[in-house]
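Peer 1: Mind looking at a prediction? Sequence and model below.
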Amino acid sequence: MGGKEVLTLGGMTLSAPAPAPDVPDATASAQWPDATGHFGVFGGRFVPEALIAALDELTAAYEAMRVDPAFLDEYATLQRDYTGRPSPITEVPKFAQHCGGARVLLKREDLNHTGSHKINNVLGQALLTKRIGKTRVIAETGAGQHGVATATAAALMGLSCTVYMGEEDTRRQALNVARMRLLGAEVIPVTTGSRTLKDAINEAFRDWVTNVETTNYVFGTVAGPHPFPMMVRDFQRVIGDEARAQLLEREQRLPDVVLACVGGGSNAIGIFTAFVPDEAVRLVGLEAGGDGVDTGRHAATITGGDPGVLHGARSYLLQDDNGQTVESHSISAGLDYPGVGPEHAFLHDIGRAEYRPVTDAEAMEAFALLCRTEGIIPAIESAHALAGAMVVGRELGPDALLLVNLSGRGDKDVETASAWFDLADRTAPTDSDERAVEAGRGAEPGPGMDTDQHTTEGAVSNDRAVAGQDAGEQA
Amino acid sequence: MSSALAEVIGAARAEGRAALIAYLPVGYPDVDTSIAAMVAAVEGGADVVEIGVPYSDPGMDGPVIQEAVDVAVRAGVGMAEVLRAVTAVADAGAVPVVMSYWNPIERYGVDRFADDLAAAGGAGAITPDLIPDEAGPWLAASDRVGLDRVFLVAPSSTDARLAATVAACRGFVYAASTMGVTGSRATVGDAAERLVARTRAAAGEPPVCVGLGVSTGDQAAEVAGFADGVIVGSAYVRRLLDGHGAAGVRSLSVELAEGVRRAKVQA
């Protein structure tokens, strides 16, 4: 970026980009949420009273930290020297031939340290954890990317770390389980409910309410109770802030469309936020359509869900007539979530962003195309955004300029992808989840590791904390 | 506004004892057996039955209640069955109060829920993941039809939040005795006693009932020494999980009812 660093947290600009046309008021997109965490009717706090004090403490500490020059300097240094920001923009002309000839630019969050955008958020929240004097962090993870990022930040900053991961996901994403354990984190497979991300979040909340005096919950996406949707957005908006300045510099224009995959929605909010005030820029979120929204086996929360309350906030969710959360389905563990962040629900309802489903098959086609045409293996999550670009590009034609958030790299997905393509040659697909599960090696630790969990030196021992799934039996 | 819960707790206090509040979820092991267990809890001495609405993501519950509720969720048990249990408990002579996470009520419709609960003979609802700050529609609906509404306080609640929560409650205030989720504990701890005292001091000397961790007659007696009511959940559910059925629930109620009578409630 030619030495022009941008660091903006919810409207707080540390060092602004050089004057360029159409630079928006940095505070314009920080007009929501309101003081109690509401994005229109969405968001808020739907949690047990026992957690309110901790959420208030986090909110106050975050409000003080976001304007503290010492924090902003430390965060910017970590982003540059540890994560490797700014992430580059890569044009992919051969892939773009499959997108109706539209130009396609990728924002390369896959090149960040730990392999995805998740590191942006956890570095901020880990610094916040130290600031409020807590020594243990917990996290939920679906694909394992947020868990790996949290384990990484915990190792870097000397925090004890416990990651809750659905048992099914530990099989789908065995590589990331081994990575977390190498980094010194305790990984707890969650065996309740659907054994995926939704249930990992439940267990993490149970752990938090039981151990809140020593423990901070490093939430991985823009969902959950206030202040998480706001705080995670602010930590992730660096993606869009950088990309907007990069496009103005190299193209002297803004993109026509910004595309990102949406599970909980943190990478999408991260790249959308800087463009929200640019009304001519279309914002398109791609949800996981699984086997197809009409089959009921999908994770397309906004496309196929209704407003309700889940995991501490009002937003769209997949639910039945009794208000029970419906299990979601996606080949992508990171998008396999029946909820979505409240700001996405709000952006949808006010018409500022549009949300479309992408099936497993469409995502895997885009996945293979990017591998073969450009030599980039994307995360299957990010492949949903690429599939969206193939559709939108064909709609708009060769004059369009598309910006796609390549939120993560696909190393973790190699086995799932191998199983998909091998099996696709033989039989008609019927249950992508089963194939993915069968492809995994299970949750055993990798070579050189044993099953004992080792605590980071100098931090609170996980042995002295009560695991979420045991809370109430031992406390 | 009169309150069925405040009345029954006041009557217990007039007898120099705490009220016994039994929690059981609708639909475990099946709807009819769960309702029979609630009636047995009343026959054994429960003054109030907390009728649990099954929910897929019970973030405040420990493994015992999760295991039972999961069966009910998978069986598709919903508000119609809950309302049937409400009427059965009222017919058995105790005060029925619904315990529900918020989304099942919001999905059913807040006004429709209030109307149907009142018609079924319910006293009101306990909402563990709804704080008064987010409860506007429920405050209005419960006022309109005269239902009680019970919110939670916790050891971590500030005095300002205690005062605001007490002001929003009608019936009683639910003091979550420890930081954690539901489940049996070896000791209840003195955090509960401090919380009850702080809650009473915060505003208006409301009835305060204590939940989380009570499972035996001795613990019930200990809590009855400083609280207006003793809430027992996981221990009842454990009787059903272990196959002791309605008879096991009835005998636990007998033990706990003896416990809440052992210690004099402070006037």
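Peer 2: Right, received. Where do you want to start?
Peer 1: alpha carbons only for contacts and neighbour counts from here, please
Peer 2: Will do.
Peer 1: Next one, pLDDT for residue B:205 please.
Peer 2: According to the prediction, residue B:205 has pLDDT 81.
Peer 1: and it, how many neighbours does it have?
Peer 2: Neighbour count of residue B:205, defined by other Cα atoms under 10 Å in any protein chain shown: 13.
Peer 1: Contacts only, for the closest residue to it other than its chain neighbours.
Peer 2: Once flanking residues are discounted, residue B:205 sits nearest to residue B:199: 7.8 Å by Cα to Cα, 6 or more residues apart in numbering or on different chains. Taking Cα atoms under 8 Å, 6 or more residues apart in numbering or on different chains, we find residue B:199 in contact with B:153, B:162, B:163, B:166, B:205, B:206, B:208.
Peer 1: so which helix or strand takes in residue A:150?
Peer 2: helix A:145-157 (DSSP states H and E).
Peer 1: which residues sit against that helix?
Peer 2: Here helix A:145-157 has contacts from A:114-116, A:118-119, A:122-123, A:126, A:137, A:139-141, A:160-161, A:163, A:176, A:179-180, A:183-185, A:218, A:220, A:334, A:456, using Cα under 8 Å, 6+ apart.
Peer 1: for it, which positions count as buried?
Peer 2: A:145, A:146, A:147, A:148, A:149, A:150, A:151, A:152, A:153, A:154, A:155, A:157 (16 or more other Cα atoms under 10 Å in any protein chain shown).
Peer 1: Which SSE is immediately downstream of that helix?
Peer 2: Helix A:145-157 is succeeded, C-terminally, by strand A:160-166 (DSSP H and E).
Peer 1: what sits up against that next one?
Peer 2: A:135-142, A:144, A:147, A:150-151, A:154, A:184-191, A:194-197, A:199-201, A:203-204, A:455-456, A:459-462.
Peer 1: what is the mean pLDDT for it?
Peer 2: Here the average pLDDT along strand A:160-166 is 97.
Peer 1: Also stretch B:25-40?
Peer 2: 98.
Peer 1: what do you get for stretch A:129-142?
Peer 2: On average, stretch A:129-142 scores 96.
Peer 1: List the contacts of that stretch.
Peer 2: A:58, A:61, A:146-147, A:150, A:154, A:158-166, A:169, A:196-197, A:200-201, A:204, A:208, A:213-220, A:333-336, A:459-460, A:462.
Peer 1: cutoff 7 Å now
Peer 2: A:61, A:147, A:159-165, A:169, A:196-197, A:200-201, A:204, A:214-219, A:333-334, A:459-460 (Cα atoms under 7 Å, 6 or more residues apart in numbering or on different chains).
Peer 1: Equivalent analysis for stretch B:67-83, please.
Peer 2: Taking Cα under 7 Å, 6+ apart as the rule, stretch B:67-83 contacts A:322, B:25, B:26, B:27, B:28, B:53, B:54, B:55, B:56, B:117, B:120.
Peer 1: Could I get the average pLDDT for the top strand by length along chain A?
Peer 2: Secondary structure of chain A per DSSP state E: the longest strand is strand A:282-292. The average pLDDT within strand A:282-292 is 98.
Peer 1: residues of the helix or strand following it that come out buried?
Peer 2: Next in sequence after strand A:282-292, counting helices and strands by DSSP H and E, comes strand A:297-299. Neighbour counts using 16+ other Cα under 10 Å place A:297, A:298, A:299 of strand A:297-299 among the buried residues.
Peer 1: Next secondary structure after strand A:297-299?
Peer 2: By DSSP H and E, the next helix or strand past strand A:297-299 is helix A:301-304.
Peer 1: Residues of chain B that sit close to chain A?
Peer 2: Residues of chain B lying close to chain A by Cα under 7 Å from any Cα of the partner chain are B:55-57, B:59-60, B:62-63, B:78, B:103-104, B:107-108, B:128-131, B:152-154, B:156-157, B:179-185.
Peer 1: Among these, name the buried ones.
Peer 2: B:55-57, B:59-60, B:62-63, B:78, B:103-104, B:107, B:128-131, B:152-154, B:156-157, B:179-185.
Peer 1: Sort out for me which of those are in helices.
Peer 2: With DSSP state H as the criterion, helices contain B:63, B:103, B:104, B:107 from among those.
Peer 1: so how far is residue A:146 from residue A:201?
Peer 2: 12 Å (Cα to Cα, to the nearest Å).
Peer 1: Okay, now the unreliable bits of chain A?
Peer 2: A:1-30, A:423-464, A:466, A:468-475 (pLDDT under 70).
Peer 1: re the thing from before, with respect to pLDDT, which of the ones in helices among the buried ones among the residues of chain B next to chain A ranks lowest?
Peer 2: Lowest pLDDT among those: residue B:63, 87.
Peer 1: could you pull out the strands for chain B?
Peer 2: Under DSSP E, chain B gives strands at B:19-25, B:48-52, B:95-99, B:124-126, B:148-150, B:152-153, B:173-176, B:208-211, B:229-232.
Peer 1: so what secondary structure elements neighbour the third one?
Peer 2: Taking 3 or more Cα pairs under 7 Å, 6 or more residues apart in numbering or on different chains; DSSP states H and E as the contact definition, the neighbouring helices and strands of strand B:95-99 are strand B:48-52, helix B:79-91, strand B:124-126.
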